[in-house]
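Novice: predicted structure and sequence below. I'll ask about it afterward.
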Amino acid sequence: MKFVNRESELTFLNNEWKANGAKFVIIYGKRRVGKTELILQFIKDRPHFYFLADKIPDNMQIKKFSQSVGNFFKDSVLARRGFESWEESLKYIAEKNLRFVLTIDEFPYLVESNPAISSIFQKAWDLYLKDSPIFLILMGSSISMMEKETLAYRAPLYGRRTGQLLVEPFRFFELEKAFPTLEFAKRLTIYSLVGGTPAYLVPFWKRKDIWKTVEQEILAKGKALYEEVEFLLREELVEPRNYFAILRAMSLGKTKFGEIMNECGFDKGTTSRYLAILNSLQITRKETPVTEKFPEKSRKGIYLIDDNFFSFWFRFIFRHRDRLEMADTRFVITKIKQELSSILAGNYERVIGEIFLDISHGDVVPHFQYYGRWWNKKEEIDLVATNDESNEILFGEAKWSRRPIGTNIYKDLKRKTHFVEWGKPERKEYYCLFSRSGFTPEMLEVAKREGTFLIQEDQLVR
C-alpha cells in the first residue's frame, strides 16, 4: 500500500533533525501499525544506520550489531573483530562525531536478551552520545516494555529522551487517503472488519472484492491474519489464555466489569489487572459517559474491544474455528454478511465524532472540546460534544438505515437531552443527525428552520 497520512509524525521528526545537538527519540506502537515504514520515509534522504534486533542471545546481538556498524563506517577490522560490549560500540559511534540517524528497531528484544541494556544505553548517552551530533531512535512494538524501559519514571532512560512518538492506527476518516476512490459504505465496511492498522488494510488495497479478500486473506487457514490475534497475544502477554477468556467475554457482549468477571470466573483483582493491561496495549478501552467529571472514578464505565480486527477475529474466527479448520469459509462469510448491518451501525455510531470533528475544522459548525457517547440507566445518545468555556453542548444521533431520517428521530433526540446534566444554566444547545440514506423533506425543512446540522454519511448537508 502506498505511504499515506503520518504527516504530523514526519513533521515532528523533520523538525527534530533540523534542530542542533544530539537527539534521542522513542517511537513505539502496536505491531503492524507502520512504525518501520514511517522511519524508512524519514531516513530515505538522510545518512542513516538501521538495526533490527532479533530474539537471539546477547553475545550474538552484539556480534550482529558490530558487523552492521563496521559495514556502515567501512571498518573491515571492526566488522571481523566486533565489539566486546554495547558500551564500547556506542562510544565508538559517538567518537565518529557524525550526524546520522541511528535506528534500533525492536529494542525490547535487546532487553529480553540483556535485562541491563537500558542502563547501558543510559550510561552511554550520559557519557558519550549526548555531546555528539547523533540522532538516536529506539523503536519497539511491545508498548508495555517500551514504556517500562524508556518512558516510565523509574526507567533507567527516563529523562534522557528529547522526544517520543506513539504511532497509532489510522482513524476512520484517514482511510479516505488510502482508498480515495472507494465509496463511504465500503470504507466503513473495511474499517469495521479490520480497523485502521495499515498492515491489515494492505490486502484490501490490492483487491477490489471485499468478500474475496476476507475469505482468501483472513479466513483461510495458513494466512497470516488467520493466526494474527493468537500470535500477538502470545508475543505480548505472559498468560495469553486468560486474556483470551476476557476478550471472548467482551466479544459476547459482556461490557460491564461484573459481567466480564462472572463470565470468566476470575476474582475482582485478577479481572481488574487483566483489563488494565489490555487497555494499555490499546486492544480494549474503558468508556464512560462524556459528561462524567471524573471518568477514572466513574462506576458507569463499560469495557469494549477497541481494535476492530480483534473484535472481528473473536466474533467470527475464534467462534467458528472448527468450521474454518475444515476450510468451510463460505459458512463464516454467510455469518458475517448476516451480522454486517448491525456491525456497520455500531461502527457508524462510533466514528460520527471523528466525522463531526473533521467537519468542524471549517467555519460552518461550532468547535467543541470533548466528544463521546452519553447514557444513563434508561437512555442513550450516540454523540454528545461539549465546550466548557462557551457553555455549549451538541447532541447527535446516528442511523445506519436504508430509510431517510424523519422528524420522529429528531424529536426523540430532543426529548433525551433533558436527562443530560451538564453545564451552567442557559447552556447553548445544538443538534445533529447522521444518516446513511439522507433525510425526509419534512426533516430538511425543520433543520433549515431550527439550525439543526444534518450529515449524510460523512458530508454536511447544506
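Specialist: Okay, I see it.

Novice: CA atoms for contacts and neighbours, from now on please.
Specialist: Noted.

Novice: could you dump stretch 72-92 to PDB, C-alpha only?
Specialist: Output of stretch 72-92 as PDB, limited to C-alpha atoms (Å, rounded to 0.1, in the frame of the first residue of the first chain):
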ATOM      1  CA  PHE A  72      28.300   1.400   7.900                       C
ATOM      2  CA  PHE A  73      31.700   3.000   8.700                       C
ATOM      3  CA  LYS A  74      33.600   0.900   6.200                       C
ATOM      4  CA  ASP A  75      35.700  -0.500   9.000                       C
ATOM      5  CA  SER A  76      36.600  -4.000   7.900                       C
ATOM      6  CA  VAL A  77      38.600  -4.800  11.000                       C
ATOM      7  CA  LEU A  78      35.600  -4.000  13.200                       C
ATOM      8  CA  ALA A  79      33.300  -6.000  11.000                       C
ATOM      9  CA  ARG A  80      35.500  -9.000  11.600                       C
ATOM     10  CA  ARG A  81      36.600  -8.500  15.200                       C
ATOM     11  CA  GLY A  82      33.400  -6.900  16.600                       C
ATOM     12  CA  PHE A  83      32.800  -5.100  19.900                       C
ATOM     13  CA  GLU A  84      33.200  -6.700  23.300                       C
ATOM     14  CA  SER A  85      30.300  -4.800  24.800                       C
ATOM     15  CA  TRP A  86      27.400  -2.500  24.000                       C
ATOM     16  CA  GLU A  87      29.100   0.400  25.800                       C
ATOM     17  CA  GLU A  88      32.200   0.000  23.600                       C
ATOM     18  CA  SER A  89      30.000   0.100  20.500                       C
ATOM     19  CA  LEU A  90      28.100   3.200  21.500                       C
ATOM     20  CA  LYS A  91      31.300   5.000  22.500                       C
ATOM     21  CA  TYR A  92      32.800   4.100  19.100                       C
END
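
Novice: now it: average pLDDT?
Specialist: Stretch 72-92 carries an average pLDDT of 91.

Novice: equivalent analysis for stretch 169-179, please.
Specialist: Mean predicted lDDT for stretch 169-179 stands at 90.

Novice: who's in contact with the residue located most distally from the centre of the chain?
Specialist: Here the centre of the chain is the reference, and by C-alpha atoms, centre = their mean the most remote residue is residue 77, at 44.3 Å. Residues counted as contacts of residue 77 (C-alpha atoms under 8 Å, 6 or more residues apart in numbering) are residue 70.

Novice: tell me the phi and psi of it?
Specialist: Backbone torsions of residue 77, given as degrees, to the nearest 10, read phi -70, psi -50.

Novice: give the burial count for the closest residue to residue 407 other than its chain neighbours, as a bare number.
Specialist: Spatial nearest neighbour of residue 407, chain neighbours left out: residue 443 (5.2 Å); criterion: C-alpha to C-alpha, 6 or more residues apart in numbering. By other C-alpha atoms under 10 Å, 20 other residues sit near residue 443.

Novice: burial measure for residue 394, as a count.
Specialist: 20.

Novice: near the closest residue in space to it that isn't next to it in sequence, how many other residues are there?
Specialist: Once flanking residues are discounted, residue 394 sits nearest to residue 430: 4.5 Å by C-alpha to C-alpha, 6+ apart. Neighbours of residue 430 under the rule other C-alpha under 10 Å: 19.

Novice: for the helix or strand harbouring residue 430, packing partners?
Specialist: Following DSSP states H and E, one finds residue 430 within strand 428-435. Using 3 or more C-alpha pairs under 8 Å, 6 or more residues apart in numbering; DSSP states H and E as the contact test, the elements touching strand 428-435 are strand 392-399, strand 453-456.

Novice: for residue 184, which non-adjacent residue is spatially closest?
Specialist: residue 457 (6.9 Å).

Novice: over to residue 21?
Specialist: residue 133 (5.5 Å).

Novice: returning to what we had before: what's the angle between the strand holding residue 430 and strand 392-399?
Specialist: Orientation of strand 428-435 against strand 392-399 (axes from the mean of the first three to the mean of the last three C-alpha atoms, to 10 degrees) gives an angle of 20 degrees.

Novice: if we can go back for a sec, contacts only, for the residue nearest to residue 407.
Specialist: Contacts of residue 443 (C-alpha under 8 Å, 6+ apart): 405-407.

Novice: in a helix, that's where it is, yeah?
Specialist: Yes. The assignment for residue 443, made by DSSP: H, G, I helix; E, B strand; the rest coil, places it in a helix.

Novice: measure it to residue 432 for me?
Specialist: With distances taken as C-alpha to C-alpha, to the nearest Å, residue 443 is found 12 Å from residue 432.

Novice: residue 191 and residue 308 touch, don't they?
Specialist: Yes. Residue 191 is in contact with residue 308 according to C-alpha atoms under 8 Å; the separation is 7.3 Å.

Novice: if we can go back for a sec, would CSV of the contacts of residue 443 with distance to residue 271, pLDDT and neighbour count be doable?
Specialist: Converted to CSV, these look like this (distance: C-alpha to C-alpha, whole Å; pLDDT from 0 to 100; neighbours: other C-alpha atoms under 10 Å):
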residue, distance to residue 271, pLDDT, neighbour count
405, 41, 97, 26
406, 44, 97, 17
407, 44, 97, 17
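
Novice: who has more neighbours, residue 191 and residue 308?
Specialist: residue 191 (23 against 19).

Novice: so the more buried one: helix, strand or coil?
Specialist: helix.

Novice: now for residue 15, how many residues are close by?
Specialist: Neighbour tally, residue 15, other C-alpha under 10 Å: 9.

Novice: looks to me like it is in a helix.
Specialist: Yes. Counting by three-state DSSP, residue 15 is found in a helix.

Novice: and it, what does it touch?
Specialist: Residue 15 neighbours (C-alpha under 8 Å, 6+ apart): none.

Novice: and it, how far from residue 364?
Specialist: From residue 15 to residue 364 the distance is 33 Å (C-alpha to C-alpha).

Novice: repeat for residue 190
Specialist: In terms of C-alpha to C-alpha, residue 190 sits 30 Å off from residue 364.

Novice: those two: which has the busier surroundings?
Specialist: residue 190 (22 against 11).

Novice: who are the neighbours in contact with the more buried one?
Specialist: Residue 190 sits in contact with 201, 204, 210, where contact means C-alpha under 8 Å, 6+ apart.

Novice: now swap in residue 261 and tell me
Specialist: 267-268, 271.

Novice: where do the helices sit along the stretch 251-400 of the chain?
Specialist: Using DSSP state H, counting those that start in this stretch, the helices assigned to the stretch 251-400 of the chain run over residues 257-264, 268-280, 308-312, 321-325, 329-359.

Novice: could you pull out the buried residues of stretch 134-142?
Specialist: 134-142 (16 or more other C-alpha atoms under 10 Å).

Novice: need the contact partners of it.
Specialist: Contacts of stretch 134-142 (C-alpha under 8 Å, 6+ apart): 17, 21-31, 94, 97-108, 146, 236.

Novice: got it, and stretch 85-95?
Specialist: Here stretch 85-95 has contacts from 62, 66, 83, 120-121, 123-124, 128-129, 132, 134, using C-alpha under 8 Å, 6+ apart.
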